[in-house]
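Novice: structure for the following, please:
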Amino acid sequence: MDAEEIPRFDKTHIIVALAKQGDERYVSRSQAKRILSGLEQFNEIVINFKNVPSVGQGFVDEVFRVFHNRYPDKIITYRNANENVTFMIERSLPTADK
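Specialist: Residues are numbered from 1 along each chain as shown. Here you go, the predicted structure:
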């Protein structure tokens, strides 16, 4: 089997609610950095916001702008975001991504 035939794990799914510690809310850049730690090794990252009622501007900015600017070849998508989370994510996206 040559290098082209070796299967690669290049996509990952992150369930944000599983990273919760105690009663914390997802508001800070440091929380986003904790969730993003090590994800630069994947080409596609799917972030699942199921059971996450809200997020802060710093959190989504770190995930959807800062991380993306640092690793522009990575594809970051999200799913299961409620109206509040979707609003915050869309506010953080560059105009071209909207």
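Novice: what's next to the helix or strand hosting residue 45, contact-wise?
Specialist: Taking DSSP states H and E as the definition, residue 45 sits inside strand 44-48. By CB atoms under 8 Å, 6 or more residues apart in numbering, the surrounding residues in contact with strand 44-48 are 10-17, 35, 39, 63, 74-80. In short, each C-beta sits where N, CA and C put it, glycine included.
Novice: ok, now with 6 Å
Specialist: 11, 12, 13, 14, 15, 39, 75, 76, 77, 78, 79, 80 (CB atoms under 6 Å, 6 or more residues apart in numbering).
Novice: and the helix or strand that contains residue 60, what's buried?
Specialist: Secondary structure from DSSP H and E places residue 60 in helix 57-61. Within helix 57-61, the residues that qualify as buried are 58, 59, 60, 61, counting by 16 or more other CB atoms under 10 Å.
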